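Asks: give the three-dimensional model of this entry:
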Amino acid sequence: MNIWIMRHGEAGFNAPSDATRSLTDNGIKNVISQGKWLGEYLNSKQIKLDKILVSPYLRAKQTLENLITGMQAVNFSQNFANLTEEWEEITPDGNPYVVEDYLHFLREEGAKNILLISHLPLVFDLSQRLTNNQGNVQFPTSTITEIHWVGNNGKVAEIKHV
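Replies: Take a look at the predicted model:
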């Protein structure tokens with residue numbers, strides 16, 4: 001299974017709650033750029049996504065919207081409507097063990113390519129969990145990390161910072 005773990009784009013702090021923080025203009029620009037890179041990368045490898053997991057927090061949902069905009073700008077054509085699942089377990093305080101269990105389930109169901117958009121510290125903790133603490137990836141905003149996950153052993157295949 002290939003798993004792309006993405007931290008949301010840069011978000012402002014002027015919001016009534018953490019869940020309602022929105023992307024800044026710079027965050028939107030960076031996410032669209034990352035979407036272009038991801039679209040070109042997936043096109044070059046002829047990969048289609050099987051599932052997109054996104055945090056229900058506003059900045060994560062906006063990240064997905066702008067990522068798709070970037071992917072479509074480079075002619076990555078896939079209908080994302082039936083692939084996307086908002087999941088409460090991938091908010092900042094999500095449990096990487098629970099996420100790993102769900103990834104196991106998705107793999108058993110035949111999923112091969114998963115995109116997950118979430119937050120610190122979960123994105124870091126999950127990448128550590130999936131790579132048995134070997135993939136010490138830093139996650140500035142908008143970072144995408146690809147992990148090849150075979151059995152219970154993952155290896156970082158690609159890291160794309162803005």
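Asks: without its sequence neighbours, what residue ends up closest to Val150?
Replies: Distances taken as C-beta to C-beta, 6 or more residues apart in numbering place Met1 nearest to Val150, at 7.5 Å, with adjacent residues excluded. Placement of C-beta: from N, CA and C, glycine included.
Asks: how about the strands in the chain?
Replies: For the chain, the strands defined by DSSP state E cover 2-7, 51-54, 84-86, 113-118, 144-150, 153-160.
Asks: pairing partners for the fifth one, with directions?
Replies: For strand 144-150, the paired strands and their directions (DSSP bridges) are strand 2-7 (antiparallel), strand 153-160 (antiparallel).
Asks: hmm, back to that, can you count the residues close to the residue nearest to Val150?
Replies: Neighbour count for Met1, taken as other C-beta atoms under 10 Å: 18.
Asks: who's in contact with it?
Replies: Leu103, Leu106, Arg107, Ala111, Lys112, Asn113, Ile114, His148, Trp149, Val150 (C-beta atoms under 8 Å, 6 or more residues apart in numbering).
Asks: what separates the fourth one from Ile90, distance-wise?
Replies: What that stands for is Ala111. 16 Å (C-beta to C-beta, to the nearest Å).
Asks: also the third one?
Replies: In this structure, Arg107 and Ile90 are 17 Å apart, going by C-beta to C-beta.
Asks: who has more neighbours out of these two?
Replies: Ile90 (28 against 17).
Asks: tell me the pLDDT of the residue nearest to that one when sequence neighbours are not counted.
Replies: Excluding the flanking residues, the one nearest Ile90 by C-beta to C-beta, 6+ apart is Ser118, at 4.3 Å. For Ser118, the pLDDT comes out at 98.
Asks: and for His161?
Replies: For His161, pLDDT reads 96.
Asks: for it, list the residues it contacts.
Replies: Contacts of His161 by C-beta under 8 Å, 6+ apart are Pro140, Ser142, Thr143.
Asks: switch to 7 Å and redo it
Replies: The contact partners of His161, by C-beta atoms under 7 Å, 6 or more residues apart in numbering, come to Pro140, Thr143.
Asks: quick one: the closest residue to Pro121 other than its chain neighbours and Val74, what's the gap?
Replies: Excluding the flanking residues, the one nearest Pro121 by C-beta to C-beta, 6+ apart is Pro92, at 6.7 Å. Counting by C-beta to C-beta, the gap from Pro92 to Val74 is 30 Å.
Asks: outside of the longest helix that the chain contains itself, list whatever touches it.
Replies: Assignment by DSSP state H gives helix 25-44 as the longest helix of the chain. Under the contact criterion C-beta under 7 Å, 6+ apart, helix 25-44 has outside partners 9-11, 23, 63, 66-71, 73-74, 76, 141-142, 144, 160, 162.
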